[in-house]
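How does the following fold in three dimensions:
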Amino acid sequence: MRKAPAQTPASAPVSMPLIRLDVHEDGTMSATVNGEPLAPPQPDGSWRRSSFARIVDQVTVERMIPARVEVTESDGSTFTDIITATARKNTPAPAPPEPAPAETPRLLEVTGEGFVPGEDVAVCRIIGHTDAAPTGTARALIDLAHDHPGPTDDVVLVGWVSGTFVVRSLS
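Residues are numbered from 1 along each chain as shown. Okay, here's the model as predicted:
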């Protein structure tokens, strides 16, 4: 009985771009990829030593595929490296959180007369103080976001110098 000849699996060729960079004395470079010249971007006119990362990113599609890089300096020294691929996720950056809308102040105005101009006037449910105007009128603004007077509450304005009491019902 004869044995069938052993079959060896066919190996797939490994393909990795070869980037060759030749650095000239003036700092410009010529670049080839797999032996084909790589043209520099039009605005620059020539590749420069600072273009190294740009060339590698362009050839490796932003480092999604590996590449072999050979650099020959103007003095004849060489450098060879393998640029490995990096896995990148195409997830968009999270949107910054929207700022909370500024709360519109809800104010309640309470006025009274008979105060000495400029005197300190207490606002009772004592939540603050105000000054009387040059005409002897006092005005208090109550921020309803912080103080919640009910419809049956009263507010008292007390002049510390004049002794004036003004009582206002909120109903």
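
so where do the helices sit in this structure?
Listed in chain order, the helices of the chain (DSSP state H) span 52-59.

Flag the shaky bits of it, pLDDT-wise.
Per-residue confidence of the chain (counting by pLDDT under 70) places the weak regions at 1-14, 43-44, 87-91, 126-128, 171.

Strands of that one, start to end?
Per DSSP state E, the chain carries strands over the ranges 18-23, 28-33, 36-37, 47-48, 67-72, 78-83, 107-112, 120-124, 128-131, 138-143, 154-159, 165-169.

angle of the first one against helix 52-59?
What it means is strand 18-23. Here strand 18-23 runs at 150 degrees with respect to helix 52-59, directions being taken by axes from the mean of the first three to the mean of the last three C-alpha atoms, to 10 degrees.

ok, now which ones touch the closest residue to Pro149 other than its chain neighbours?
Leaving aside its sequence neighbours, Pro149 sits nearest to Leu170 (C-beta to C-beta, 6 or more residues apart in numbering; 5.5 Å). To be clear about C-beta, it is placed using only N, CA and C from the backbone, and glycine gets the same treatment. Residues in contact with Leu170, defined by C-beta atoms under 8 Å, 6 or more residues apart in numbering, are 108, 149-155.

please redo it, this time with the cut-off set to 7 Å
Neighbour list for Leu170: 149, 151, 153-155 [criterion: C-beta atoms under 7 Å, 6 or more residues apart in numbering].

Backbone dihedrals for the residue positioned nearest the centre of the chain, please?
With distances taken as C-alpha atoms, centre = their mean, the residue of the chain nearest its centroid is Pro96 (6.5 Å). Backbone torsions for Pro96, taken as degrees, to the nearest 10, come to phi -60, psi 150.
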